[in-house]
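> Below is the sequence, then the predicted model.
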2 protein chains.
Amino acid sequence: MAGPIPLRARDRARAEVMSELLAAARARLESEGSAALSLRAVARDLGMASSAVYRYVPSRDALLTLLIIEAYDAVGEVAEKAAGSGSDPAQTWLEVARAVRRWALDQPYSFELIYGTPVRGYRAPDDTVRAAVRLWGVIIGLLMRAAGEGVLAPTGPDFDPAGRMAPEALATAGWTDPDEVPDEIARIAVRSATLFTSLVGAISVELFGHLHHVAQDYARFFDVTIATSAAGVGLRISLD
Amino acid sequence: MAGPIPLRARDRARAEVMSELLAAARARLESEGSAALSLRAVARDLGMASSAVYRYVPSRDALLTLLIIEAYDAVGEVAEKAAGSGSDPAQTWLEVARAVRRWALDQPYSFELIYGTPVRGYRAPDDTVRAAVRLWGVIIGLLMRAAGEGVLAPTGPDFDPAGRMAPEALATAGWTDPDEVPDEIARIAVRSATLFTSLVGAISVELFGHLHHVAQDYARFFDVTIATSAAGVGLRISLD
DNA sequence: TGGGAAACGAGAGCAGTGCTCTCTGCTGTG
DNA sequence: CACAGCAGAGAGCACTGCTCTCGTTTCCCA
């Protein structure tokens, strides 16, 4: 295993151009959305020929993929930070949800990029999975902590968890044999998706305009949606 | 008020071309998605010059808008049909959700068109609102019936409904003065959004690939998500 | 029964896109 | 110091949405 190869001048130049490229692309994404993100425009912003960009990025979709990973990481970090401070799992979940919503409102096009319609011809490469998983980690962590503290009281229906979770997901959590996972744990894992869904759903619905003429105070409306779903999962959030 | 003007030959021809145009556009939408829907391609399918299409549709976005209305109406009809047959409101909601999911899986691009990332530069014209409201109508109807039958027992948190709903929405339901709406009704209206969100969210999350490597049996996973959220709203769905 | 206006369709053209290919310099290394 | 490899530029292809112009057809009304 050789140590890190010293960066020669050319490599440093390359890394620098690459980061300028990403910065320019991110700027255009935030201001105009992914559909309007054109490789040629980014090249113009950098003062280089469009063909030169292809030395750094194999295609427009690949550039978008890099931005997708950045966005997953950003939202994951926001969630982790919001989860770190709280004590009561239920109220902490509300804080996490609020933080993610705020992030989404601040950079709507980044949210769209990852949770909206997938980019045509795009197939999530493994790089994105690692980043995408961070938000799930926060949710599962909260639920496990709540279960450990004995404050998890789901009001949703009971169900047989067998065959609902993908084995890979359970393997990630440490259970190699899906049959060995206690039903209680498996049920929590399945229910965690309800939190994830309500979060992504509530933000999408608001951001994509489906609450237009329906809700008035969007922030408080959001809180109700999150808290109502969370009750089914077992987290009792109190509002107001 | 003059009666319907008799359709002259030219009008009939125009209507026919228009419907062929829509059919061709729908076909391309279903097979390749909205991003790849090109007006020129549709024109080629019809054997006409691309410029001629502009006699019928002012722009590509306007053509998409027509397809959006169609999609809203289709999903609304699916929901209404599914709601019509059931008796128990809770189980009926599960059936409605399942029916909408099935519709979305059958025509994913239509679902994306209305509930995914909005088309750039698109601002919902009033025509779409009427169609978009149909699904909301089904949800509110179910909740009102449940409340009337006394089987609505929300486990989600209590909250002050004031200022959360948009006055327009309450006006549509018959209350001209927002202050006159009973709190109980207003709370139901706010909570109805949780059902809407869980439905749209659960389908989006599945369709857009966020359950890849997470869920195994997607249909049963979906049921849990819907039922768990519904418990918070007050509909007790039993699974299995 | 004409004549004129409106509608229709075709074609060329503009500005933009993603992407490829070729050509020219510059860089780093044996 | 020479040579391989790399960065960048530019032209070009096929495609897009959209506009403008030009004949042709259709309809309505005098």
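Now that the structure is in, tell me what you want to look at. Residues are numbered from 1 along each chain as shown, chains lettered A, B, ... in the order given.

> okay, CA-based contacts and neighbour counts for the rest of this
Noted.

> I'd like the distance between the closest residue to DNA strand C within chain A and B:Ser59.
When scored by CA to the nearest atom of the strand, chain A has A:Ser38 as its residue closest to DNA strand C, at 3.0 Å. In this structure, A:Ser38 lies at 21 Å from B:Ser59, with CA to CA, to the nearest Å as the measure.

> just for chain A, where's the confidence low?
Counting by pLDDT under 70, the low-confidence segments of chain A come to A:1-8, A:120-124.

> Please repeat the previous calculation with a cut-off of 50.
Low-confidence segments of chain A (pLDDT under 50): A:1-7.

> Provide the secondary structure category for the spatially most central residue of chain A.
Taking CA atoms, centre = their mean as the criterion, A:Tyr72 is the residue nearest the geometric centre of chain A, at 4.6 Å. In the three-state summary, A:Tyr72 is assigned as helix, counting by DSSP: H, G, I helix; E, B strand; the rest coil.

> next one: the one 10 residues further on
For A:Ala82, the reduced secondary structure class is helix; criterion used: three-state DSSP.

> what's near enough to touch the nearest residue to it once chain neighbours are set aside?
Ranked by CA to CA, 6 or more residues apart in numbering or on different chains and with sequence neighbours excluded, the top spatial neighbour of A:Ala82 is A:Val96, at 5.1 Å. Taking CA atoms under 8 Å, 6 or more residues apart in numbering or on different chains as the criterion, A:Val96 is in contact with A:78-80, A:82-83.

> Out of these, which comes closest to chain B?
For the contacts of A:Val96, the closest approach to chain B (CA to the nearest CA) belongs to A:Ala79, at 16.9 Å.

> Write out the residues of chain A neighbouring DNA strand C.
Remark: the part of chain A in contact with DNA strand C comprises A:8-10, A:37-41, A:50-51, A:54, A:58-61, using CA under 7 Å from any atom of the strand.

> at 6 Å instead, please
Where chain A comes near DNA strand C, counting by CA under 6 Å from any atom of the strand, the residues are A:8-10, A:37-41, A:51, A:59-60.

> Next step: those restricted to helices.
Among the residues of chain A next to DNA strand C, the members falling in helices (DSSP state H) are A:9-10, A:39-41, A:51, A:60.

> Next, give phi and psi for the residue nearest to A:Ala82.
Summarising the backbone geometry of A:Val96 under the convention degrees, to the nearest 10, its torsions are phi -60, psi -50.

> ok, now which ones touch the residue lying closest to A:Arg220 once chain neighbours are set aside?
For A:Arg220, the nearest residue in space outside its immediate sequence neighbours is B:Arg164; the separation is 6.6 Å by CA to CA, 6+ apart. When the contact criterion is CA under 8 Å, 6+ apart, the partners of B:Arg164 are A:215-218, A:220-221, B:190.

> what's the answer for A:Ala202, then?
A:Ala202 neighbours (CA under 8 Å, 6+ apart): A:222, A:225-226, B:197-198, B:201.

> Just among the residues you listed, which is most surrounded?
Neighbour counts for the contacts of A:Ala202, by other CA atoms under 10 Å in any protein chain shown, peak at B:Ser198, which reaches 31 neighbours.

> Get me the contact residues on chain A for DNA strand D.
Going by CA under 6 Å from any atom of the strand, the residues of chain A near DNA strand D are A:14, A:48-49, A:51-52, A:55.

> three-state assignment of A:Ala202?
Using three-state DSSP, the secondary structure recorded for A:Ala202 is helix.

> ranges for the helices of chain A?
When assigned using DSSP H, the helices of chain A occupy the ranges A:9-32, A:39-46, A:50-53, A:60-85, A:89-106, A:108-115, A:126-148, A:167-172, A:183-207, A:218-233.

> Give me the residues contacting the shortest one.
Outside helix A:50-53, the residues within contact range by CA under 8 Å, 6+ apart are A:39-40, A:43-44.

> In a markdown table, list the contacts of A:Val96 along with neighbour count.
Formatted as a markdown table, the contacts of A:Val96 follow (neighbours: other CA atoms under 10 Å in any protein chain shown):
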| residue | neighbour count |
| --- | --- |
| A:Val78 | 20 |
| A:Ala79 | 25 |
| A:Glu80 | 18 |
| A:Ala82 | 20 |
| A:Ala83 | 23 |
